[in-house]
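In: quick one, structure for this:
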Amino acid sequence: MKTLILRVEQLASPLVRLADGLRPLVLLFIRLWVANVFFSSGLTKIADWDTTLLLFTEEYHVPLLPPAVAAVMGTFGELVFSSLLAVGLTGRFAAAGLFVVNTMAVISYPGLTDTTRQFHYYWGMLLAVIACSGPGLLSLDRLLSWWSRPQQDD
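Out: All right, here's what the predicted structure looks like:
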């Protein structure tokens, strides 16, 4: 049995190395894809602010916040957090912020269909991955971390 396990590990080793090598690209793709969804939504909101205020007054029922405040906070969150997520600056914070925006959208909009709710769940899961694992090697967080670390003298 132990021999079989060792053999499986030997066969899987190249696939594991390939997956490890692709991780930065996968995390970048997830960040850019989800950021685009939320940034596009934020742009739609600011393009017609009167309609946005009407929607937050009539359709969206954000708990504990006046509609105008909820509209500003939601739009700000979609535009700022998605921008930070796209470049990977404060990536975990940006993903967590968008996770909250996404959660509020699910809670406050009773008109979501089962299909659109599934999209929100999917985006939430992708944001949770970034919030838990970080934005990856292809991010400003990583670049700033590398740049700011103390240099070793020889």
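In: pLDDT averaged over stretch 28-48, what's the number?
Out: Along stretch 28-48, the predicted confidence averages to a pLDDT of 98.
In: off-centre distance for the lengthiest helix in the chain?
Out: Among all segments of the chain classified by DSSP state H, the helix with the greatest residue count is helix 2-47. Per CA atoms, centre = their mean, to the nearest Å, the displacement of helix 2-47 from the mean C-alpha position of its chain is 13 Å.
In: which strands and helices lie in contact with that helix?
Out: Using 3 or more CB pairs under 8 Å, 6 or more residues apart in numbering; DSSP states H and E as the contact definition, the elements that helix 2-47 packs against are helix 67-76, helix 82-87, helix 91-108, helix 114-133. (C-beta placed from N, C-alpha, C; glycine too.)
In: how much space separates Pro24 from Val72?
Out: 35 Å (CB to CB, to the nearest Å).
In: right, and Ser82 touches Trp33 too?
Out: No: because the distance of 10.7 Å does not satisfy CB atoms under 8 Å, Ser82 is recorded as not touching Trp33.
In: who's more crowded, these two?
Out: When Ser82 and Trp33 are compared on other CB atoms under 10 Å, the one with more neighbours turns out to be Ser82, at 25 against 12.
In: what does the pLDDT read for that one?
Out: At Ser82, the pLDDT value in this model is 98.
In: contact partners for it?
Out: Applying CB atoms under 8 Å, 6 or more residues apart in numbering, one finds that Ser82 lies in contact with 34-39, 42, 94, 98.
In: of those, buried ones?
Out: Neighbour-count burial (16 or more other CB atoms under 10 Å) is assigned, among the contacts of Ser82, to 34-35, 37-39, 42, 94, 98.
In: quick revisit: point out the most buried one among the helices and strands packed on helix 2-47.
Out: Counting by mean count of other CB atoms under 10 Å, helix 82-87 has the highest mean neighbour count of these, with a mean of 22.
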